[in-house]
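# would you be able to build a 3D model of this:
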Amino acid sequence: MTITDLWDQKISAFQLSPSQFLATTTSESFLAELLHELRNDKANDHLKILLVSVLLDHPTILCPSSSVGEETALELLSVFSHTPQKSIILKCNVMLAITNVIICTSCLANHTKMAEDWLDLLFQMIQDTNDYRCGLSQQPIRATACDCLREMETCSPGLLSQKLEALYLLKQQETTVLHQSYCMLYTLGLKNAIRILTTQKDVTDLEFKSILGGNEGFAWKSNQLGLTLLPINMMVQVPRLPPGLDCKELKSIMSSLLEESYLQTPISQSALLRELVEVVAMVPGLSPTLFKSQLLRLFGTADVSLMHATLFMKDTFTDSLFTAEDENFLLKRLVGTAQHPLLRIPEKLFYMECILHFPENRPISSSGEESLPVLVTPRLAASLHPTVFNDSATMLCRLNLLCLVHLEADEGEADKGIRYLFEHIMALLKIIDNDGSREVVVTSFRALFIFLMHFNGMENLSEKVIDKLCDMYSRHSRLAPNLIGLANRIQEHLDDPVWSVKLLIGLQKCIMEMPPLQLTIHNLSWHLKVLKRVAQEGQITQRNTIYLLLNILINSNLCERGNWQVGNAVLAVCRNLLEHPSIDQVFIELADLLQYISVHYDDTDIKDHARFYYTLLTNLSWEKLAGVLVKGLDGGRAKERSHSAIMAENEGIASNLTVHKTNRHVLQLIKVQEEASQRSSGSSELLETTGEAKNWLEVYQGQFHTPGFGSDVNLRYNLTHAKDTDPLFDKVFTICLHFELKDSNYAKVNDIHVPCVFRDRKPPEVKVKLKPFQPYPTTLCVSAVFTTQDGRSWHSQLPDVSVSFPEIFLPLPLPPNTSCECKEQVFDRIWEAAASENPDKSAISLFCFKTGDESLADLIKAHFQGYLITDQQSKILWKVLFFLPPMCHVLLKITQAEDAIQVSIATDNWELLPFVNSYLQNITDHCSTTVTDD
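Here you go, the predicted structure:
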């Protein structure tokens, strides 16, 4: 596998999940690897572009602070300067990465030296107009430089406000295709400069002209304003300059930009027009008629972005720029384009939305709601009538538009149009009746919803729709979810639920009148869903529903078959019936139904539920019954006090059945400090110590053939109360601790059960067993469910438990009576293997620090006592071995040199080296000097 393939896999893993990737390393280490590879002259451009893409996508993850961002940008600038001239694409990507890092890590906002130097370099690049110095091949570099400057100006508005004259001259001199980039850069700088002026008081002609003629340094202080997009619409006041300023020069510049705009691409033209519209809106001395010469060209455009810019212009200036004739022509143009056969569906839908939200010169309503322009008459919109041959999105959009048209039309035209739309709806329902596809069914019901939202008040049409739907349901019971959804949505959006109630009554009647042969198991499940929804309506009598259910259970073999799904669906209907306001009228019938189910249904769970509902029905009033069965607004359990007690008002049984949630931590896990000699993997067995010349490494490794050997890390914690908890929680019982892992480096941790925790007693000790897949640091999210003295159950989140790298260390998994010679032989063999065998996994490293003899002895006693392999009396060489499950080793040889302490490191997993280095750094941080050599 090549280096490129390895980096491709590594970057793909990082892009897929940065947090999971960084669980095995650190952002600093990964960033250092990236930059090192970028400086590698042997790496090809394709690989380097791949590496740079990481900084383009995730700059803040790899550069969490401004200082790191500045250092990274300096490294990238060095890579940029050493990249050959022929590597154009790579140089452009590096430029974008530098700009991205500078902006995202706040180097630009903090005015760092790196940001200032980079801006100067970019400005020098764009001064090579027409490629006189660097040649045509370097043109993409200048284009990228313009893009970088525009991005920095966007993120720090006003940065270029003192360089407008220089930018204007560069724009005028540029005659290549990059003229467009220079125009965009200058226009953005001009708009932001004028916007800054609007925040000042008493702007004079001199100040105004100085902006246009500025040729100084970058305006760093202006970025503190935090400018946002202008709130340009008819409802918000636009910030404006004071009237009376001399705008001749600005008007000349605006005219020049507009005259040249047709040379640009449509997207660039659209962005340019929006910027210029905002400039005119802020300067009272400029008239919107500046854009008059562009209207004819814009009216005839087939580009979506230019049409959007035109409508933005019309929304901003209304009749100051657009006459009534212009408005009428533009609307007709939109109607014609919305049905153009050569346009794609998304573009047609865009033009339909433009018609619905057309910015009129004199709008009747300014509420912002969807309303039809006055000029859109039935005659103008006649060509937009929906047909069954339209695609789903187009048909629904057209139907909505035509409903609005005919809703506001004159009586004669409205009747004709509504009749056409109704026939269209009935045609869609007929297609469903002939076994239409799922997409057709969904589209048809959406169309029906749109129609009913506008014309539900027309009783004649509403009744016909209900009759048709009920007739269809009698043949296609699979439409039950669609019909229930339609009834729910209509009820949500209309103040009067009459139509939904009529539909549900019709469906109930349809089910009652069905012949027994149609009540198959498959169809019955759909019918029960409908009846469940019907039972929620207090205006509908439920006696027929109960009779139907009782007849089906008595006269069929449903009870003998004991189908749990069907039984549960029947009970769902019964549950809604228990909450029905007219339950007193059907009390006996419902009781008979529940009792029959509790006795004859061949499923224990269904029987128990039926018996429970029967108990509630026969012992509680309707008010209490509704209180017990009520659900929260989010569909979950009701709040604590919304339940009624089943037996008495003051017993609080319902409250005891609810699991409450605490607002703060109640319990916490505190790590128990233990000696290394007390820790083990719990799996070592006695080894044979007889015989000579035994290969102890083979014997040691042979232990791992036993399943589960050396695979667990046992951590001990005290379960105590958190600080400042409510006295209610001073005594908690039957605690269940649940653990969730934040990464995939460990197996799932089993729940731990603790009988009780009292504040005034010694805290109980719990042992958390971790089974690593990879021995890396991790974090455990801990929660607990427990009971208080009053019988209530509570759920509480505990503070997260961090498992550090040293906590995973275990002594060499050998019996305690193993001789020092045996341990040392195993140590030496593992060291030799790490030094000479698989270089892809093993690694050797060196760590140095300065300290005195006494402090070294103290250091070894404090941190390595339980992991020493050599005799403790040795003062020359100490051998230390850390075992990390499932089968990793970190070996240390500590020696006293003349000027420093040397710690030689060997490991059979090189990915552990960053963690080992950090560990050694932490325990020697009191020393004056530390050096690491990998």
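
# can you list phi and psi of the residue nearest to residue 824 when sequence neighbours are not counted for me?
Counting by Cβ to Cβ, 6 or more residues apart in numbering, residue 869 is the residue found nearest to residue 824 once chain neighbours are left out, at 5.5 Å. C-beta coordinates here come from the backbone N, C-alpha and C atoms, glycine included. The phi/psi pair for residue 869 (degrees, to the nearest 10) reads phi -100, psi -40.

# now stretch 195-215: average pLDDT?
The average pLDDT within stretch 195-215 is 84.

# and residue 820, how many neighbours?
When counting by other Cβ atoms under 10 Å, one arrives at 12 neighbours for residue 820.

# wouldn't it be in contact with residue 869 here?
Yes - with contact defined as Cβ atoms under 8 Å, residue 820 counts as touching residue 869 (7.4 Å).

# what residues sit buried inside stretch 717-734?
717, 719, 721, 725, 729, 731, 732 (16 or more other Cβ atoms under 10 Å).

# which strand residues bridge the third one?
Partner residues in beta bridges with residue 721, using DSSP bridges, are residue 667.

# what segments of the chain are strands?
Along the chain, counting by DSSP state E, strands occupy 659-661, 667-671, 713-721, 731-741, 752-758, 765-770, 778-788, 793-797, 801-803, 843-849, 877-884, 888-896, 901-907, 930-933.

# for this structure, longest helix please?
If you go by DSSP state H, the chain has its longest helix at helix 411-433.

# and that one, what does it pack against?
Here helix 411-433 touches helix 392-407, helix 438-455, helix 459-475, going by 3 or more Cβ pairs under 8 Å, 6 or more residues apart in numbering; DSSP states H and E.

# can you give me the buried ones in the last one?
Of the residues in helix 459-475, those with enough neighbours to count as buried (16+ other Cβ under 10 Å) are 461, 462, 465, 466, 468, 469, 470, 472, 473.

# does the fifth one touch residue 428 like I think?
No - taking contacts as Cβ under 8 Å, residue 468 lies outside contact range of residue 428: 10.5 Å.

# OK, contacts around the closest residue to residue 82 other than its chain neighbours?
In space, and not counting its chain neighbours, residue 82 is closest to residue 39: 7.8 Å by Cβ to Cβ, 6+ apart. By Cβ atoms under 8 Å, 6 or more residues apart in numbering, the contact list for residue 39 reads 75, 78, 79, 82.

# so which of those residues are in helices?
Mapping the contacts of residue 39 onto helices (DSSP H) picks out 75, 78, 79, 82.

# in ChimeraX, how would I select just the buried ones from those?
In ChimeraX, this line selects whichever of the ones in helices among the contacts of residue 39 come out buried by 16+ other Cβ under 10 Å:
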select :75,79
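
# residue 911: which of the ones in helices among the contacts of residue 39 is nearest?
Closest to residue 911 out of these is residue 75 (23.8 Å), distances taken as Cβ to Cβ.

# tell me the pLDDT at that closest one?
95.

# check the gap between it and residue 101 for me.
To residue 101, residue 75 is 10 Å away according to Cβ to Cβ, to the nearest Å.

# now swap in residue 464 and tell me
66 Å.

# hang on, the earlier thing: would you turn the buried residues of helix 459-475 into JSON lines with distance to residue 540 and pLDDT?
Converted to JSON lines, these look like this (distance: Cβ to Cβ, whole Å; pLDDT from 0 to 100):
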{"residue": "461", "distance to residue 540": "22", "pLDDT": "91"}
{"residue": "462", "distance to residue 540": "17", "pLDDT": "90"}
{"residue": "465", "distance to residue 540": "19", "pLDDT": "94"}
{"residue": "466", "distance to residue 540": "14", "pLDDT": "95"}
{"residue": "468", "distance to residue 540": "20", "pLDDT": "95"}
{"residue": "469", "distance to residue 540": "16", "pLDDT": "95"}
{"residue": "470", "distance to residue 540": "14", "pLDDT": "95"}
{"residue": "472", "distance to residue 540": "20", "pLDDT": "94"}
{"residue": "473", "distance to residue 540": "16", "pLDDT": "94"}
